[in-house]
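Student: give me coordinates for this.
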Amino acid sequence: MSLEKTFCSSPWIHMRITNDGRYSYCRWSDKTDTNIGIQDASPKEFFQTHMEPVRQALLAGNVVAGCGECHKMEQHGKVSGRQRQLLKIGVDPTNFAKTLVSSPWVPVFANGFDQLPQDWQIDLGNYCNSACIFCIPESSSRLATEWQRIGFIDQLPLPNWTDDPALVAQFVDTLRQTPHIQYLHFIGGETLITPAFKTILSALVESGLNRTATIGFTTNLTVWDDAVVELLTKFSNVNLGVSFETLTPLNDYVRWPSKLPQVLECLQQWRNLAQKQGWLFQIRTTPTLFTVGHLLKVYDYAWDHNLNVESCNFLEKPEFQRPTVLPMSHRQPIIESMQAWIDQRKVSNDTVINTRDPNLVHQQLVQDLESYVNYLRNEPDESHRLPDLVDFVKKLEASRHNCVLDYLPEYEELFRTAGY
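Tutor: Residues are numbered from 1 along each chain as shown. Coordinates of the predicted model:
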């Protein structure tokens, strides 16, 4: 592959800390990059020393392990993390060679590295009041407890790194010492019920970083905390992501045990606050085989309210919940309905890389939905995974006392054939 297709600026500006405190090279990585954690090395040591081989590999034009998510997104026309990170250093992926030469970061690439991350994804832990069907115990305490009880896992995940006040203080100190910090994105679990979220926000306000750094976070639309909201309003720039999957009762099944009326009420509450404060407001989805056929209602809502829809990637795990587990006979009607939605909306076909430009929301929505059309049309059939899905669903439903066919009657024959 050419440098244009492989080079990414992310390891020069960004890193991630996972829920158990391990460092990762990238928020979009499709694998666990390292077993080194904040308990073993400072963020500065990891960023400057342990990430250097990744930077050298990218400069040499090599494909780095863990970058598969971005390559798949680009293959189907979805804007990838790699493309977004390039934009942050002034490189336009649609005009790569020319804009790379003019990037102010070229001397940094050429002359060594002694910086700290300007862009963080901070996984705060797995405190969560939801147990989404596509989630994992490492990201949901409620799911972890349930999975252990019904025998999906033998033991609970490793402790959250943010439960150790000394580690949180060490991390905050790193942030305070970082010149020109640009962006801090917080996820959980559910951020609003994670104690460290409030602790770190308070520390950022005390240090004055609320006036210069942009804060991003995602919430599951089941929680409102006045104290956290008050802290957030002290920041000059906030990117708010709200997670839901559909605007039908199916959302209750996949994001159990949420209830759609409460979700919609909370959605409106956050939208009102975002409008009042001038925050960037985005819808975050995780399309699975359950919900991919119900996405259009989400895109209708986003179109009507001029909102961006964003998913981190095409779902990789659990493998048996990928949309590609649907056979082509079930994919084709979804493809046709999505294509009809796209055809009814006349927008420019120029590629939108800056998906957060409020002037390009409609163009971004069409582009993003087109990526799902391409994905469903071109990715291989994985319907051989249906028996694994059905086995999982039956065991989970025995715990939750619900039934997928109450929400997806159109899939009854498909699921019955696979053993439901």
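
Student: buried sites along stretch 13-23?
Tutor: 13-23 (16 or more other Cβ atoms under 10 Å). Where C-beta positions appear, they are placed from N, C-alpha and C, glycine not excepted.

Student: tell me the contacts of the most centrally placed residue in the chain?
Tutor: In the chain, the residue lying closest to the centroid (Cα atoms, centre = their mean) is residue 312, at 3.7 Å. Contact analysis of residue 312 by Cβ atoms under 8 Å, 6 or more residues apart in numbering lists 27-28, 69, 81, 284, 286.

Student: compare the residues you listed and tell me which is most surrounded.
Tutor: Among the contacts of residue 312, the one with the most neighbours (other Cβ atoms under 10 Å) is residue 28, at 24 neighbours.

Student: thought that residue was touching residue 80?
Tutor: Yes: assessed by Cβ atoms under 8 Å, residue 28 is found in contact with residue 80 at 7.3 Å.

Student: which intervals of this structure have sub-threshold pLDDT?
Tutor: Applying pLDDT under 70 to the chain flags the ranges 1, 30-33, 112.

Student: strands of that one, start to end?
Tutor: 14-17, 23-24, 119-123, 183-187, 214-219, 237-243, 280-284, 308-310 (DSSP state E).

Student: list the helices and strands the last one packs on?
Tutor: Applying 3 or more Cβ pairs under 8 Å, 6 or more residues apart in numbering; DSSP states H and E, one finds that strand 308-310 makes contact with strand 280-284, helix 295-304, helix 361-378.

Student: dump these to CSV, plus distance to residue 332.
Tutor: Below are the helices and strands packed on strand 308-310 laid out as CSV (distance: least, Cβ to Cβ, whole Å):
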stretch, distance to residue 332
strand 280-284, 26
helix 295-304, 15
helix 361-378, 8
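
Student: what sits in contact with each of residue 28 and residue 80?
Tutor: Jointly contacting residue 28 and residue 80 under the rule Cβ under 8 Å, 6+ apart are 69-70.

Student: between the contacts of residue 312, which is closest to residue 249?
Tutor: Residue 249 lies nearest to residue 286 out of the contacts of residue 312, by Cβ to Cβ, at 17.6 Å.

Student: residues in contact with that closest one?
Tutor: Listed by Cβ under 8 Å, 6+ apart, the contact partners of residue 286 are 132, 134, 243, 245, 311-312, 315.

Student: for the stretch 51-200 of the chain, what spans make up the helices?
Tutor: In the stretch 51-200 of the chain, the segments counted as helices under DSSP state H, counting those that start in this stretch are 52-59, 68-75, 81-88, 96-101, 106-110, 141-150, 165-177, 195-207.
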